[in-house]
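Visitor: The sequence isn't on hand, but the structure is:
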């Protein structure tokens with residue numbers, strides 16, 4: 001999937017950096033729409049195959065572009081016995097996955113230099129503060 005996005009991105013960069021005749025622009029736009037459809041079809045096939053193989057009744061995928069929700073794709077039903085389709089209002093139980101996601105994002109921020117784990121957390125917080133306490137862990 002990421003290869004398709006890279007190819008599409010290179011295609012779009014190339015498209016915007018060249019001068020085209022009117023019929024060439026129309027042809028390029030048709031090619032772009034065709035490429036987008038191929039990516040959508042590939043994603044649909046992949047998700048449906050994974051759902052079947054892992055017995056997952058329904059999935060909702062959100063696409064984020066420039067930190068904004070750009071598209072939502074919904075697949076399947078709310079549960080195996082239900083006939084209710086997944087939609088953008090369907091609530092999912094995420095279990096403890098938020099802890100893992102939080103840890104990954106935190107470590108990515110540390111890796112990029114945007115977060116220092118040795119700095120007082122209150123220097124980063126805007127809306128609320130952590131009360132002073134005697135527990136401070138430092139791993140070295």
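Guide: That came through fine. Owing to the predicted nature of the structure, the values given are computational and were not obtained by experimental measurement.
Visitor: low-confidence ranges in the protein?
Guide: The chain contains residues with pLDDT under 70 at 1-34, 134-140.
Visitor: Now do the same contact list for residue 83.
Guide: The contact partners of residue 83, taken as C-beta atoms under 8 Å, 6 or more residues apart in numbering, are residue 77. Using the backbone N, CA and C atoms, a C-beta is placed for each residue, glycine as well.
Visitor: what helix or strand does residue 74 sit in?
Guide: Per DSSP states H and E: residue 74 is located in strand 68-76.
Visitor: ah, wrong one, I meant residue 99
Guide: helix 97-112.
Visitor: how far does that helix sit from the chain's center?
Guide: Taking C-alpha atoms, centre = their mean, to the nearest Å, the mean C-alpha location of helix 97-112 is offset from the chain mean by 15 Å.
Visitor: buried ones in it?
Guide: Residues of helix 97-112 classed as buried by neighbour count (16 or more other C-beta atoms under 10 Å): none.
Visitor: List of residues touching that helix?
Guide: 115, 116, 117.
Visitor: Out of the residues you listed, grab the one that's most surrounded.
Guide: When neighbours are counted by other C-beta atoms under 10 Å, residue 115 leads these with 15 neighbours.
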